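Q: sequence unavailable; structure follows:
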RNA sequence: GGCUGGGUGGCAGAGUGGCCAUGCUGCGGACUGCAACUCCGCCUACGCCGGUUCGAUUCCGACCCCAGCCUCCA
């Protein structure tokens, strides 16, 4: 039985989709104007694993992840670069796709863009005005009037009075209430714009997600996710807009991921303490990064550090060392009734507990190592479990030798030279010239390469 | 100030009212020409103070500390 922690009710609840066997999931993607950093990677890898596991459980999943491709920051950056906001957004969308793919993420089923949903956005704003949840200010901007929403704050457990008490000084606007937020913003000269009943302009932040969920998944759907920093105000405002406009409950389960930290501080653009996915991939293998991101629970904060990445790499090597020397080409089907599989599923059923699930994989690896020499059939069966379970979370899918010998990040790939030196050393060993053999091995150490003499064969891997 | 989440062994990180987490590192042993890998074994834990209980790291209360949100944010 799958249980998911729901932010709205602050509890783990048994997951029951609205339509038996089908799941609709909407995840807030990014506002695209720059490179993605590893914090983005963390969130979307979490949802990648959630999507993979839902499918493994047999659900027919529709996974939607949007792109917000029009917003003040995009316009500002495009102006600075001397390109159009469309060009900027398209350029970085491509880069994002590459980055996400290199981390082993499967693409979402649908990836809607705000600029392709303007009609739906306008329709929803019209509905909100008609139902008296929104109004047009004297400057032409259209606002959502928060005090009209009687349960505003239910997701983030805030109430309006407290929020107003803590509000920061802001420039004068013609909002009726300081909590009111923009639905439609009038265009200034030379800004991108779409025509609307209120004048040429663009959608405010928040409304695009309400419009896109409705367009693609309907008024109500199973899962809505995103980073925990979106809980307030973004998701709170989505709820306010959608439930008012649709007169219907919005998402049934809310999933929020924990923030990546650097030196115990949130990684963010404004603090400048971020590492882009490309930065990290220049130093570590993509699979190591993925494993690192899954090695803590998706809801907890995760501290970025190179030591943690190195430790993650060592852990992953353990899996591949266990799999090496096995006839992986003839792997049997994974036996889903195996105890390991059951333990893995129990862990994942408990709010996608990947650290616990990975612990099961290490137990499988140990069992493989024990049986490798004397029970090859058993070892191969266990290997099928390791590879099969690894696939569900997107790790341990490479050829072991490839993983263990591939160059890391910026390292030079010089396998031929390595193989030649190994032959030279083995000749020395045959001649019982231990001094020379050890000298050659010292060279390898300098190259950060570890040799292993096993069963009369020498293999190597990068340390 | 309000609202959330959290404080576990050298590090990372799960979890549980009484029994092994797991990984990385370190130490001892087996294996090895020597190593490496692997296997076997070992080490130091549950922020602090009370309470409930036969028994609490796990439940309750107070306190201390950390992070996130309350501005754009994954």
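A: Happy to help now that I have it. This is a predicted model, so every value here is computed, not measured.
Q: OK, now which residue of chain A is nearest to RNA strand B?
A: residue A:227 (1.6 Å; CB to the nearest atom of the strand). Every C-beta, even on glycine, is put in place using the N, C-alpha and C of the backbone.
Q: wait, that residue sits on residue A:259?
A: Yes. Proximity of residue A:227 to residue A:259 meets the contact threshold set by CB atoms under 8 Å, at 6.8 Å.
Q: contact partners for the residue of chain A closest to RNA strand B?
A: By CB atoms under 8 Å, 6 or more residues apart in numbering, the contact set of residue A:227 is A:28, A:39, A:43, A:256, A:257, A:259.
Q: returning to that earlier point: joint contacts of residue A:227 and residue A:259?
A: residue A:39.
Q: so which bits of the strand or helix carrying residue A:79 are buried?
A: In this structure, residue A:79 sits in helix A:72-81 according to DSSP states H and E. Neighbour counts over helix A:72-81 (16 or more other CB atoms under 10 Å) mark A:74, A:75, A:77, A:78 as buried.
Q: which one of the contacts of residue A:227 is nearest residue A:413?
A: Closest approach between the contacts of residue A:227 and residue A:413, by CB to CB: residue A:39, at 29.8 Å.
Q: residue contacts, that closest one?
A: Applying CB under 8 Å, 6+ apart, the residues near residue A:39 are A:227, A:259, A:260, A:267, A:268, A:274.
Q: isn't residue A:211 up against residue A:124?
A: Yes. Residue A:211 is within contact range of residue A:124, at 5.0 Å (criterion: CB under 8 Å).
Q: over to the nearest residue to residue A:81 once chain neighbours are set aside: give its phi and psi.
A: Leaving aside its chain neighbours, residue A:81 sits nearest to residue A:88 (6.4 Å; criterion: CB to CB, 6 or more residues apart in numbering). Main-chain torsions, residue A:88, degrees, to the nearest 10: phi -60, psi -50.
Q: next, the contact list for residue A:88, please.
A: Contact analysis of residue A:88 by CB under 8 Å, 6+ apart lists A:32, A:33, A:74, A:77, A:78, A:81.
Q: a markdown table for the residues you listed, including distance to RNA strand B and pLDDT?
A: Shown next, in a markdown table, are the contacts of residue A:88 (distance: CB to the nearest atom of the strand, whole Å; pLDDT from 0 to 100):
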| residue | distance to RNA strand B | pLDDT |
| --- | --- | --- |
| A:32 | 8 | 97 |
| A:33 | 8 | 97 |
| A:74 | 10 | 97 |
| A:77 | 11 | 97 |
| A:78 | 15 | 97 |
| A:81 | 18 | 96 |
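Q: closest one of the residues you listed to residue A:289?
A: Distances from residue A:289 to these, taken by CB to CB, are shortest for residue A:32, at 21.0 Å.
Q: one step back: now do the residue nearest to residue A:81, the pLDDT please.
A: pLDDT for residue A:88: 98.
Q: distance of it relative to residue A:82?
A: Computed with CB to CB, to the nearest Å, the distance linking residue A:88 and residue A:82 is 10 Å.
Q: and residue A:154, by the same measure?
A: For residue A:154, the distance to residue A:82 - CB to CB - is 44 Å.
Q: and these two? Which one has more around it.
A: Ranked by neighbour count (other CB atoms under 10 Å), residue A:154 and residue A:82 place residue A:154 first, with 16 against 7.
Q: mind checking the SS state of that one?
A: Following DSSP: H, G, I helix; E, B strand; the rest coil, residue A:154 is assigned to coil.
Q: which outside residues touch the helix-or-strand element of chain A with minimal mean pLDDT?
A: Using mean pLDDT, DSSP states H and E, the weakest-scoring helix or strand in chain A turns out to be helix A:160-165, at a mean of 75. Applying CB under 8 Å, 6+ apart, the external contacts of helix A:160-165 come out as A:146, A:147, A:152, A:153, A:178, A:179.
Q: which parts of the helix or strand that contains residue A:389 are buried?
A: Assigned by DSSP H and E, residue A:389 belongs to helix A:376-393. By neighbour count on 16+ other CB under 10 Å, the buried set for helix A:376-393 is A:379-390, A:392-393.
Q: next one: stretch A:20-31
A: Across stretch A:20-31, burial judged by 16+ other CB under 10 Å covers A:23, A:24, A:25, A:26, A:27, A:28, A:29, A:30, A:31.
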